[in-house]
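Asks: I'll drop the sequence and a predicted model, then ask my questions.
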Amino acid sequence: MRHGYFSLLIGLLACAVWARPALAETAPSGGGLATVTVAMRDVDQTYPADAIVEAVRQATIAAQVTGRIVEARYDAGSRVKAGEVLMRIDPRETAQAEAGAQAQLVNARAAYERSQQLFRQKFISQAALDKAEADFKVASANTRGTELQSGFTRVTAPYAGIVAQRLVEPGEMAVPGKPLLSLFDPKGMRALASIPQSRLAGVKQTVRARIEFPESGQWVDAVRVEVLPTTDSQTHVARARVYLPENLDGIVPGMYARAHFITGKANKLLLPAAAVLRRGEVTAVYVVDAKGQPHLRQVRIGEAIQGGTGGMGDAAGPLLEILAGIAAGEKVALDPVKAGIALKQDSR
């Protein structure tokens with residue numbers, strides 16, 4: 001009985017040893033992976049350039065009179081209307097100057113009227129009358145100036161917008177020219193890109209561009225492209241303004257963007273960005289063979305191209321230019337994570 005038990009156990013072990021290589025040769029066909037065929041496509045030839053978002057209308061509001069800041073009604077992030085009071089400066093100093101100017105104006109007016117009477121009676125010369133008239137005009141101008149200065153104690157918004165930064169606090173001293181806060185209009189945004197002199201001729205001919213926001217994956221078609229007429233004498237770099245559509249959500253001044261200037265057409269090997277696997281310095285895809293088995297293969301990619309499906313079936317989203325690693329006609333797994341799991345299961 002014991003001898004028969006050991007014989008049966010040895011037979012089962014032998015079957016298990018010989019069965020494992022057979023299982024590897026008949027690996028599953030990739031678990032029904034969704035694939036896309038790599039193909040050459042006619043796409044827009046673009047020149048990408050780093051850019052910074054800025055508001056078309058932005059201003060740093062500075063003090064125009066001297067005085068202590070007694071009220072700051074808004075902080076960074078607040079929305080304000082055109083003409084709305086943002087800050088108030090202590091008006092007592094300007095009020096005293098206005099009162100002094102008014103007193104001088106009353107005195108100058110009385111002196112001018114007396115001089116007119118004396119001149120008609122021929123008691124003073126024409127020169128004395130002219131001096132009295134000049135003094136009266138100077139006093140009038142000083143009075144209008146002090147009245148204008150009194151209005152500057154109320155700092156108002158030049159247009160409707162958002163307070164970007166408040167640079168002072170209540171209690172601080174304001175002096176003419178001192179920045180108080182910065183304001184921008186969120187309705188109009190543009191991206192300021194730097195163009196090397198070597199690429200300037202091609203960019204100047206373009207009238208279209210797309211703006212990419214890499215962090216969010218958002219792409220926006222530009223409304224207008226404007227290349228500034230001058231080039232920096234030290235860096236030999238020109239500036240291009242790429243105007244964005246109005247009222248874009250989540251786009252604020254200072255954001256990093258990438259401007260893609262459309263300079264023509266080109267035939268490129270394309271692949272959906274979702275099919276590319278990135279691990280550190282390695283960029284790869286899972287190539288699916290005729291048996292449906294995925295194989296990891298390293299590739300070298302070029303620039304990103306935003307063009308919907310680009311005729312690549314269900315592969316929606318941005319596309320990537322493939323420079324090396326795969327050829328046209330090969331099939332690539334659309335979901336590299338799922339392909340990696342299938343490959344791991346097949347190797348067991």
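Replies: Looks like it came in fine. Numbers count the residues shown, from 1 in each chain.
Asks: Quick one: low-confidence residue ranges for the chain.
Replies: Residues of the chain meeting the criterion pLDDT under 70: 1-32, 306-317, 345-348.
Asks: For my notes, confirm Glu93 occurs in a strand.
Replies: No. Using DSSP: H, G, I helix; E, B strand; the rest coil, the assignment for Glu93 is helix, not a strand.
Asks: so it touches Thr66, yeah?
Replies: Yes. With contact defined as C-beta atoms under 8 Å, Glu93 reaches Thr66; the gap is 6.3 Å. From N, CA and C alone the C-beta is placed, and that goes for glycine too.
Asks: ok, how many other residues are close to Glu215?
Replies: 9 (other C-beta atoms under 10 Å).
Asks: any idea how far Val227 is from it?
Replies: Taking C-beta to C-beta, to the nearest Å as the measure, Glu215 and Val227 are separated by 26 Å.
Asks: Repeat that for Val53.
Replies: Counting by C-beta to C-beta - Val53 and Val227 are separated by 18 Å.
Asks: More neighbours: which of those two?
Replies: Neighbour count, other C-beta under 10 Å: between Val53 and Val227, Val53 has more, with 20 against 17.
Asks: Quickly find the element holding the more buried one.
Replies: Following DSSP states H and E, the helix or strand that holds Val53 is strand 39-55.
Asks: Could you do Glu169 as well?
Replies: Counting by DSSP H and E, no helix or strand carries Glu169.
Asks: That one touches Glu71, doesn't it?
Replies: No. Using C-beta under 8 Å, Glu169 is not in contact with Glu71; the gap is 10.9 Å.
Asks: Between these two, which is the more surrounded one?
Replies: Neighbour tally, Glu169 and Glu71, criterion other C-beta under 10 Å: the higher count belongs to Glu71, 13 against 8.
Asks: ok so, going back, now the strand holding Val53: buried residues?
Replies: Arg41, Val43, Asp44, Gln45, Thr46, Tyr47, Ala49, Ala51, Val53, Glu54, Ala55 (16 or more other C-beta atoms under 10 Å).
Asks: Can you tell me the strand partners of that strand and which way each runs?
Replies: When pairing is defined by DSSP bridges, strand 39-55 lines up against strand 189-196 (antiparallel), strand 256-272 (antiparallel).
Asks: Now do the buried residues in the last one.
Replies: Of the residues in strand 256-272, those buried under the neighbour-count criterion (16+ other C-beta under 10 Å) are Ala257, Arg258, Ala259, His260, Phe261, Ile262, Thr263, Lys268, Leu269, Leu270, Leu271, Pro272.
Asks: Spatially, which residue comes closest to the fourth one, not counting chain neighbours?
Replies: For His260, ignoring the flanking residues on the chain, the nearest one in space by C-beta to C-beta, 6 or more residues apart in numbering is Thr46 at 4.2 Å.
Asks: Report the beta-bridge partners for the one you found.
Replies: Per DSSP bridges, the residues bridged to Thr46 are Ile262.
Asks: show me the residues around it that make contact.
Replies: Counting by C-beta atoms under 8 Å, 6 or more residues apart in numbering, Thr46 touches Arg210, His260, Phe261, Ile262, Thr263, Glu303, Ile305.
Asks: run the last query once more with 7 Å
Replies: His260, Phe261, Ile262, Thr263, Glu303 (C-beta atoms under 7 Å, 6 or more residues apart in numbering).
Asks: wait, the third one sits on Arg208?
Replies: In other words, Ile262. Yes. Taking C-beta atoms under 7 Å as the definition, Ile262 is a contact partner of Arg208 at 4.4 Å.
Asks: got the CA positions of stretch 120-138 in CSV?
Replies: Output of stretch 120-138 as CSV, limited to C-alpha atoms (Å, rounded to 0.1, in the frame of the first residue of the first chain):
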residue,chain,number,x,y,z
ARG,A,120,-9.3,152.5,-14.4
GLN,A,121,-8.6,155.5,-12.1
LYS,A,122,-5.0,155.6,-13.5
PHE,A,123,-3.4,155.1,-10.1
ILE,A,124,-1.4,152.0,-11.1
SER,A,125,0.4,151.0,-14.3
GLN,A,126,-0.5,148.2,-16.8
ALA,A,127,2.3,146.1,-15.4
ALA,A,128,0.9,146.2,-11.9
LEU,A,129,-2.5,145.1,-13.3
ASP,A,130,-0.9,142.3,-15.2
LYS,A,131,0.9,141.1,-12.1
ALA,A,132,-2.4,141.0,-10.1
GLU,A,133,-4.1,139.1,-12.9
ALA,A,134,-1.3,136.6,-13.1
ASP,A,135,-1.4,136.1,-9.3
PHE,A,136,-5.1,135.4,-9.5
LYS,A,137,-4.7,132.8,-12.3
VAL,A,138,-1.9,131.1,-10.3
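Asks: Can you tell me what sits against it?
Replies: Under C-beta under 7 Å, 6+ apart, the answer for stretch 120-138 is Ala108, Arg109, Ala111, Tyr112, Ser115, Gln116, Leu118, Phe119.
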